[in-house]
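J.: Next comes the sequence, and after it the predicted model I'd like to discuss.
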Amino acid sequence: MPADAPIEFRRITDREELGQLFTSCRATARRVERPISHPFARPLRVHGVAARMDEYSNSNRGRFLALVDYFKSSADPVALRLPAYRLADGDALLLDGNHRATALWMSGLSVDVTLAMLCGPIDRRMLIDLKYWDGGWRRFLNRIRWGTTSDRARQATHSS
């Protein structure tokens, strides 16, 4: 990460905006809790995690629901300060606080979240979680295409 990568602060008070944040939770069309190495796993947004809550393991679901109960029972308003990575088009990837952000969204309470967003390059070599945004399948397919082109060029050279 460049030493001079700036940090921007973004305050979220709209529940729908909170629901649009990307989490470190990944899923395929059929299963949640998929590893980052799974080729079809995609990052879920906060609202997507909440929508698929019944698919999570009992222990993980229990952590989310315990936080929902905690937030609802608190006499004080809930204010979260969370680290994130700035993505393109105003999107953000939560670096920590995925359970807290999702639980706050699920609670239906008023939202007060401040993101400290690291503004660095979108490159998996900086942060592996960025692999979905730094080219993903297109990057993989381009490597195959480039390799195929090189192989054909080599074959043409050797056969002449």
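T.: Now that the structure is in, tell me what you want to look at. Numbering: from 1, shown residues only.

J.: Backbone dihedrals for V46, both of them.
T.: The phi/psi pair for V46 (degrees, to the nearest 10) reads phi -50, psi -50.

J.: my bad, L82
T.: phi -130, psi 140.

J.: any residues touching stretch 47-61, and which ones?
T.: Stretch 47-61 is contacted from outside by 19-20, 23, 25, 27, 31-33, 44, 64-65, 98, 102, 105-106, using C-beta atoms under 8 Å, 6 or more residues apart in numbering. The C-beta positions use only the backbone N, C-alpha and C, and glycine is treated the same way.

J.: between the residues you listed, which is nearest P6?
T.: Distance to P6 across these (C-beta to C-beta) is lowest for Q20, with 22.1 Å.

J.: re earlier: of the contacts of stretch 47-61, which is the nearest to A92?
T.: Once C-beta to C-beta is applied, the member of these that ends up nearest A92 is Q20, at 8.6 Å.

J.: give me every residue that touches the closest one.
T.: Residues in contact with Q20 (C-beta under 8 Å, 6+ apart) are 45-47, 91.

J.: pLDDT at it, what is it?
T.: In the predicted model, Q20 carries a pLDDT score of 97.

J.: Among the contacts of Q20, which pair sits farthest apart?
T.: Farthest pair in the contacts of Q20, by C-beta to C-beta: H47 and D91, 13.3 Å.

J.: More neighbours: the two, which one.
T.: More crowded of H47 and D91, by other C-beta atoms under 10 Å: H47, with 18 against 14.

J.: Please spell out which residues along the host helix or strand of that one are buried.
T.: Here H47 sits within helix 46-51, counting by DSSP states H and E. By 16 or more other C-beta atoms under 10 Å, the buried positions in helix 46-51 come out as 46-50.

J.: Could I get the buried residue list for the helix or strand following that helix?
T.: Next helix or strand after helix 46-51 toward the C-terminus (DSSP H and E): helix 58-73. In terms of neighbour count (16+ other C-beta under 10 Å), helix 58-73 has its buried residues at 60, 64, 67-68, 71.

J.: show me the contacts for K131.
T.: 36, 124 are the contacts of K131 under C-beta under 8 Å, 6+ apart.

J.: can you offset everything so residue one is 287?
T.: Yes, from this point I'll number from 287; that puts the last item at K417.
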